[in-house]
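Novice: Sequence below, structure please.
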Amino acid sequence: MPTPTPHPEILTIKPYIGGEAAVPGVARVIKLSSNEGAFGPPPGARAAYAATVATLHRYPDGGARKLREAIGARFGLDPARIVCGAGSDDLIYALCLAYGGQGSELIMSRHGFSIYAIAGAYAGCTVIKTPERDLTADVDAILGAVTPATRLVFLANPNNPTGSLLPAPEIHRLRANLPETVLLVLDAAYAEYVDRPDYEAGATLVDAGDNTVMTRTFSKIFGLGGLRVGWAYAPPAIIDVLNRVRLPFNVNAAAQAAAIAALAEPGWVETSAAHNRTERARLTATLSAAGLKLWPSEGNFVLADFTTPEAATAADQFLRARGLIVRPMGAYHLPHCLRLTIGTTEECDLLAVALTDFQTQAARKLA
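Specialist: Numbering: from 1, shown residues only. Sure, this is the predicted structure:
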């Protein structure tokens, strides 16, 4: 008998699988698979979250006015040009559905964040993945892929999972050479971890025209991944579209309260970024000395290159046996790599010791 059928593009989607959090038979597990903040949520955010218990029967502010005002005050942006979502993924989906569709094309780099491809296919777009140079997005390759059907270009900067970054002049060159009808979405989920002087998260380009959006998140340095809070800064016309299509209460009341408090936590971002910078450099140096290739990263993670898929799988199994969960990269066309989140100092030490042991044992087998 006939049955309901989805749009054919839906069946091409491979469901997104988040980082694992448990290993059967292992009592203590250290999760370094999802790029979560090393220190959890700020104390003020925990208290603000707990304080919402008595009013959980009330609907949240659908427009997230106080949260938008807090974001605007923290980053020097107009709250009227901010829209909040259940994580930045929520807003990425909305942008794809609103500006993509059947017959349109979405361009992303080959190793870009997988949600772009999933959301694009869901919207009916043809997803084009362009080649990279040294695991870094190639502006010329992106521009060369543009056709009259191109409607969206997504760029994570820094990129997940490679950790690479395009400096501001390259981002401006990309925007200047894209057709004005193409929406450029700059995903700056890891912006707070970057300290390079040539970096720009995207607000300047948003202010310069009507065709660029910057997305941000509370899931990384602010430690609120479990609450799903993200936001976008965009031109007024695009904000108007997003407010028309987003769910009416897409950010719950507890999440809004925690996010506002997280923004106000004294020194949180600075301390967390400094820790990440120190531990990322230390982990990279230790593992490089053990003979492992680490790709340069501007995020709270590093990409470890084991040369072959077999070696990466063996390393993953070795780590899991010790209760260390990292992220295999087969879904990102990098089956020979593992992504390692920068955790606490203790967690980084345990990871460094384990991978050094793995490298030593692997070398003995080859001897």
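Novice: all strands of the stretch 1-150 of the chain, in order?
Specialist: 30-31, 82-85, 105-109, 126-130, 132-133, 136-137, 150-156 (DSSP state E, counting those that start in this stretch).
Novice: Quick one, which of the ones you listed gets closest to Leu166.
Specialist: Among the strands of the stretch 1-150 of the chain, strand 136-137 comes nearest to Leu166, with 5.7 Å by C-beta to C-beta. Using the backbone N, CA and C atoms, a C-beta is placed for each residue, glycine as well.
Novice: Throw the strands of the stretch 1-150 of the chain into a markdown table and include mean neighbour count, thanks.
Specialist: Output for the strands of the stretch 1-150 of the chain, formatted as a markdown table (neighbours: other C-beta atoms under 10 Å):
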| stretch | mean neighbour count |
| --- | --- |
| strand 30-31 | 20 |
| strand 82-85 | 26 |
| strand 105-109 | 26 |
| strand 126-130 | 19 |
| strand 132-133 | 15 |
| strand 136-137 | 22 |
| strand 150-156 | 25 |
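Novice: Quick one: residues contacting Val241.
Specialist: Ala98, Tyr99 (C-beta atoms under 8 Å, 6 or more residues apart in numbering).
Novice: Give the buried residues for the one helix or strand it maps to.
Specialist: Per DSSP states H and E, Val241 falls inside helix 236-245. Residues Ile238, Ile239, Val241, Leu242 are the ones in helix 236-245 that count as buried (16 or more other C-beta atoms under 10 Å).
Novice: For the next helix or strand after that helix, name the packing helices and strands.
Specialist: Proceeding N to C from helix 236-245, the next assigned helix or strand is helix 253-264, under DSSP H and E. With contacts taken as 3 or more C-beta pairs under 8 Å, 6 or more residues apart in numbering; DSSP states H and E, helix 253-264 sits against helix 43-50, helix 65-75.
Novice: on that earlier part again, indicate which one of the strands of the stretch 1-150 of the chain is closest to Thr284.
Specialist: The nearest among the strands of the stretch 1-150 of the chain, by C-beta to C-beta, is strand 136-137 at 17.1 Å.
Novice: gap between that closest one and the chain center?
Specialist: Offset of strand 136-137 from its chain centre (C-alpha atoms, centre = their mean, to the nearest Å): 15 Å.
Novice: What strands flank it, and is each parallel or antiparallel?
Specialist: Looking at strand 136-137 with DSSP bridges, its partner strands are strand 132-133 (antiparallel).
Novice: Give me the contacts around the partner strand.
Specialist: Contact with strand 132-133 is made by Ser109, Arg110, His111, Asp138, Ala141, Thr162, Ser164, as judged by C-beta under 8 Å, 6+ apart.
Novice: what would the residues you listed look like in CSV with distance to Asp207 and pLDDT?
Specialist: Compiled in CSV, the contacts of strand 132-133 are given as follows (distance: C-beta to C-beta, whole Å; pLDDT from 0 to 100):
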residue, distance to Asp207, pLDDT
Ser109, 25, 98
Arg110, 30, 97
His111, 29, 97
Asp138, 26, 98
Ala141, 27, 98
Thr162, 28, 98
Ser164, 25, 98
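Novice: Which members of those residues occur in helices, if any?
Specialist: Judged by DSSP state H, these include Ala141 as members of helices.
Novice: quick one: which of the contacts of strand 132-133 is most hemmed in?
Specialist: Each of the contacts of strand 132-133 was scored by neighbours using other C-beta atoms under 10 Å; the highest score is Thr162's, at 30 neighbours.
Novice: which one is that one nearest to, not counting chain neighbours?
Specialist: The shortest distance from Thr162 to any non-neighbouring residue, by C-beta to C-beta, 6 or more residues apart in numbering, is to Leu135 (4.1 Å).
Novice: Figure out which of the helices and strands packed on helix 253-264 is closest to Ala354.
Specialist: Smallest distance to Ala354 across the helices and strands packed on helix 253-264 (C-beta to C-beta): 30.6 Å, for helix 43-50.
Novice: by contact count, what packs against that closest one?
Specialist: helix 253-264.
Novice: Which residues does the helix it packs on contact?
Specialist: With C-beta under 8 Å, 6+ apart as the criterion, helix 253-264 contacts 41-42, 44-49, 51-52, 55-56, 58-61, 64, 66-67, 70-71, 74, 84, 86, 218, 222-224, 227-229, 251, 268.
Novice: Give me the mean pLDDT for it.
Specialist: Summarised as a single mean, pLDDT over helix 253-264 is 98.
Novice: how about CSV for the strands of the stretch 1-150 of the chain, with distance to Ala362 added?
Specialist: Converted to CSV, the strands of the stretch 1-150 of the chain look like this (distance: least, C-beta to C-beta, whole Å):
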stretch, distance to Ala362
strand 30-31, 22
strand 82-85, 44
strand 105-109, 31
strand 126-130, 32
strand 132-133, 28
strand 136-137, 28
strand 150-156, 32
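Novice: So which of these is nearest Arg322?
Specialist: strand 30-31 (8.7 Å).
Novice: sorry, back to before: okay if I get the helices and strands packed on helix 253-264 as a markdown table plus mean neighbour count?
Specialist: Converted to a markdown table, these look like this (neighbours: other C-beta under 10 Å):
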| stretch | mean neighbour count |
| --- | --- |
| helix 43-50 | 17 |
| helix 65-75 | 17 |
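Novice: Dump the ones you listed into TSV; add distance to Thr313 and mean pLDDT as well.
Specialist: Shown next, in TSV, are the helices and strands packed on helix 253-264 (distance: least, C-beta to C-beta, whole Å; pLDDT from 0 to 100):
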stretch	distance to Thr313	mean pLDDT
helix 43-50	37	98
helix 65-75	41	98
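Novice: Adding distance to Arg246, write the ones you listed out as CSV.
Specialist: As requested, these are exported to CSV (distance: least, C-beta to C-beta, whole Å):
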stretch, distance to Arg246
helix 43-50, 22
helix 65-75, 13
